[in-house]
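Asker: compute the structure for the input listed below.
(4 chains)
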Protein chains: 2
Amino acid sequence: MLNSYSSADKVLLAVDCIIFGFDSEGLKILLIKRDFEPEKGKWSLIGGFLKRDEILDDAAIRILNTYTGLNDIYMEQLYAYSEIDRDPVERTISVSYFALINIENHNAELIKNYHAEWFPINDAPHLIFDHNEMVQNAIKRLRYKTSIKPIGFELLPEKFTMRQLLELYEAILSKELDKRNFISKINSLEILNKLDEKDMQSSRKGSYLYTFNKEKYEEKLLNDFVLNL
Amino acid sequence: MLNSYSSADKVLLAVDCIIFGFDSEGLKILLIKRDFEPEKGKWSLIGGFLKRDEILDDAAIRILNTYTGLNDIYMEQLYAYSEIDRDPVERTISVSYFALINIENHNAELIKNYHAEWFPINDAPHLIFDHNEMVQNAIKRLRYKTSIKPIGFELLPEKFTMRQLLELYEAILSKELDKRNFISKINSLEILNKLDEKDMQSSRKGSYLYTFNKEKYEEKLLNDFVLNL
DNA sequence: TGTGTAAGTGTAAAAACTACATTAATAAAT
DNA sequence: ATTTATTAATGTAGTTTTTACACTTACACA
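Answerer: The predicted model follows:
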């Protein structure tokens, strides 16, 4: 029995995370000031190298946790980037992941310690290597994914208003949506619980709070849905 | 300036190709009998290792060409598989690609030389490692992709009949489609040229041949379309 | 008590989708 | 020459889905 494919080349495998967040200002990504050479001090995605005995999903989880302290975060593998000189130090293939977190829940301390910062997706700085391309592709995937799975809820606090949900979808799709049509389409999915509680921040009347109902979702939607907004 | 990330582990990176073909019998994938250990003699996807100075897309092209002689084939990267023991010989991460070819054009000689064989997608053998999983995911991606880009045409000969196109989409979606509705939806995309020529194989009346019009496509459809079949 | 602000709600018109059956063209058989 | 068998080609009415659009409600605060 063989124990190596001796003639084949080995390479470094990195994982880079496109971490999306959402707050009242809109859709954002989390970036860090790189603290080692090359490109030290430049803005970068959060990333790291795959370890020998680690699968990619776990590497992505570990890296996200290291830089944010967060656990149990929705993550999804996106794409492997392999241009020869994408990293000038050494041949490195990088697999991108996207993560969805609600900004309110993140550990502000850890983010501060690592010089991480949230940037609006339409006003992000130039990033090192091919990270801007990774971000653009991640946004495309996020658009697609929200149209067939209710992953948008990962970006919201546990209780949210219809207006927040609407603004989230507007930010993701970067287009205006009709309020009434949006609400009736969302309601037709039957995956929200309307609470008796109201959020009084945004208006005198107050707006009802909702939670996302995972049970109803899983019961009803083992298959993808199509959400035409 | 650094010239290595010395502490990081290196791994083998493989590329495995899910090669779809289509003929009168339906949708098929191309498999080979693996000619080296382990699992020698078992059915496998066509694959190989990434070389040090090669990007993944080029590795996929090279590997496809090596086993089929084909060039200029539609290929698309799918997903990176990284389970620790997915390959029992040595830690190997594999990036899957799917390729679409029309069976009539392939080089039968080369395929024969490499013990490659076409299998109906619903009647394929058990494959080594995680290759069956790769195939299932590739089918999902093919379904999605054909609904937003006219890549189905890559699987057909240059001139084809409406019936062939219908049967192709039925095979990809694995459901029956209404002929009249299908034709009017396809026509509404305005990306086909109807030729004066007829195919006389299939009936006494003969059926018109069509070609795919790339110019019209590129002119009209820089953006994705939605093809609800 | 009044005022300002965002929340909440329904409908009619348009568009898209679905289901469905007859006629046309031709080669082969007689 | 006529009949037969076979697949190709074609249109519409009913239904569903999507779109566009504006007024009333609730309440805090002045």
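
Asker: got phi/psi on A:E39?
Answerer: With angles defined as degrees, to the nearest 10, A:E39 sits at phi 70, psi 20.

Asker: roughly how far apart are it and chain B?
Answerer: Counting by Cβ to the nearest Cβ, to the nearest Å, the separation of A:E39 from chain B is 11 Å. Where you see a C-beta, it was placed from the backbone N, CA and C, and this is true even at glycine.

Asker: same check on A:E37?
Answerer: A:E37 is 6 Å from chain B, by Cβ to the nearest Cβ.

Asker: would that residue count as being in a strand?
Answerer: No. A:E37 is assigned coil when assessed by DSSP: H, G, I helix; E, B strand; the rest coil, not a strand.

Asker: how many other residues sit next to it?
Answerer: If you count neighbours by other Cβ atoms under 10 Å in any protein chain shown, A:E37 ends up with 10.

Asker: could I get the full set of strands for chain A?
Answerer: For chain A, strands defined by DSSP state E occupy the ranges A:10-23, A:26-33, A:43-44, A:46-49, A:74-81, A:92-100, A:116-120, A:160-161, A:192-199, A:207-212.

Asker: who does the fifth one pair up with?
Answerer: Put plainly, it is strand A:74-81. Strand pairing for strand A:74-81, determined by DSSP bridges: strand A:92-100 (antiparallel).

Asker: using CSV, write down the CA coordinates of the strand it pairs with.
Answerer: Below are the C-alpha coordinates for strand A:92-100, written out as CSV (Å, rounded to 0.1, in the frame of the first residue of the first chain):
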residue,chain,number,x,y,z
THR,A,92,-0.8,30.0,-1.8
ILE,A,93,-4.2,28.8,-2.9
SER,A,94,-7.0,30.4,-0.9
VAL,A,95,-10.5,29.1,-0.3
SER,A,96,-13.0,31.8,0.5
TYR,A,97,-15.8,31.4,3.0
PHE,A,98,-18.6,33.7,3.7
ALA,A,99,-20.0,34.2,7.2
LEU,A,100,-23.1,36.0,8.3
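
Asker: gap between that strand and the chain center?
Answerer: 11 Å (Cα atoms, centre = their mean, to the nearest Å).

Asker: what residues does stretch A:166-174 touch?
Answerer: A:22, A:26-27, A:121-122, A:142-143, A:146, A:152, A:155-156, A:176-177, A:179, A:182-183, A:229 (Cβ atoms under 8 Å, 6 or more residues apart in numbering or on different chains).

Asker: looking at those, which are in helices?
Answerer: A:142-143, A:146, A:179, A:182-183 (DSSP state H).

Asker: out of these, which is nearest to DNA strand D?
Answerer: For these, the closest approach to DNA strand D (Cβ to the nearest atom of the strand) belongs to A:K179, at 6.4 Å.

Asker: what does the pLDDT read for the closest one?
Answerer: Looking at A:K179, its pLDDT reads 97.

Asker: residues in contact with it?
Answerer: So A:K179 contacts A:L166 (Cβ under 8 Å, 6+ apart).

Asker: repeat that for 10 Å
Answerer: A:162-163, A:166 (Cβ atoms under 10 Å, 6 or more residues apart in numbering or on different chains).

Asker: now A:E154
Answerer: Here A:E154 is in contact with A:20, A:22, A:73-75, A:99-102, A:146, A:212 (Cβ under 10 Å, 6+ apart).

Asker: same thing but at 6 Å, please
Answerer: A:74, A:100 (Cβ atoms under 6 Å, 6 or more residues apart in numbering or on different chains).

Asker: and it, how far from A:L27?
Answerer: Look at A:E154 and A:L27: by Cβ to Cβ, to the nearest Å, they are 13 Å apart.

Asker: now A:W118
Answerer: Counting by Cβ to Cβ, the gap from A:W118 to A:L27 is 10 Å.

Asker: how about A:K214?
Answerer: With Cβ to Cβ as the criterion, A:K214 and A:L27 are 23 Å apart.

Asker: between those two, which is the more surrounded one?
Answerer: When A:K214 and A:L27 are compared for neighbours, A:L27 comes out ahead with 20 against 11, by other Cβ under 10 Å.
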